[in-house]
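A.B. asks: Would you be able to build a 3D model of this:
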Amino acid sequence: MKINYDGQLITTSLTITFRGRALRIDDVIIDTGSSHTIISPDILEEIGVTCETGDSFEKE
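C.D. replies: Alright, predicted model coming up:
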């Protein structure tokens with residue numbers, strides 16, 4: 001894993017695989033104090049990840 005630091009933010013790239021399809025997301029911010037990771041559902045739809053009945057959501 002390559003970790004980048006631009007003087008303010010720590011970032012990396014992340015690859016998500018779902019049902020044989022992969023999606024690379026660049027410039028993901030690493031927040032060591034965060035308890036959750038947020039990835040836009042719009043981006044995940046590109047590889048077929050969708051919401052299903054019964055899925056839970058958290059508001060910010």
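A.B. asks: And the strands in this protein, which stretches?
C.D. replies: 4-5, 10-18, 21-29 (DSSP state E).
A.B. asks: Turn those strands into JSON lines, columns for mean neighbour count.
C.D. replies: For glycine as for every other residue, the C-beta is placed from the backbone atoms N, C-alpha and C. Output for the strands of the chain, formatted as JSON lines (neighbours: other CB atoms under 10 Å):
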{"stretch": "strand 4-5", "mean neighbour count": "10"}
{"stretch": "strand 10-18", "mean neighbour count": "13"}
{"stretch": "strand 21-29", "mean neighbour count": "11"}
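A.B. asks: Make CSV out of the ones you listed and add distance to Ile47 and mean pLDDT.
C.D. replies: Compiled in CSV, these are given as follows (distance: least, CB to CB, whole Å; pLDDT from 0 to 100):
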stretch, distance to Ile47, mean pLDDT
strand 4-5, 24, 96
strand 10-18, 5, 95
strand 21-29, 4, 95
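A.B. asks: and of these, who's closest to Gly54?
C.D. replies: Minimum separation from Gly54 across the strands of the chain (CB to CB) falls at strand 10-18, 18.0 Å.
A.B. asks: now the angle between strand 21-29 and the closest one, please.
C.D. replies: Interaxial angle, strand 10-18 versus strand 21-29 (axes from the mean of the first three to the mean of the last three CA atoms, to 10 degrees): 160 degrees.
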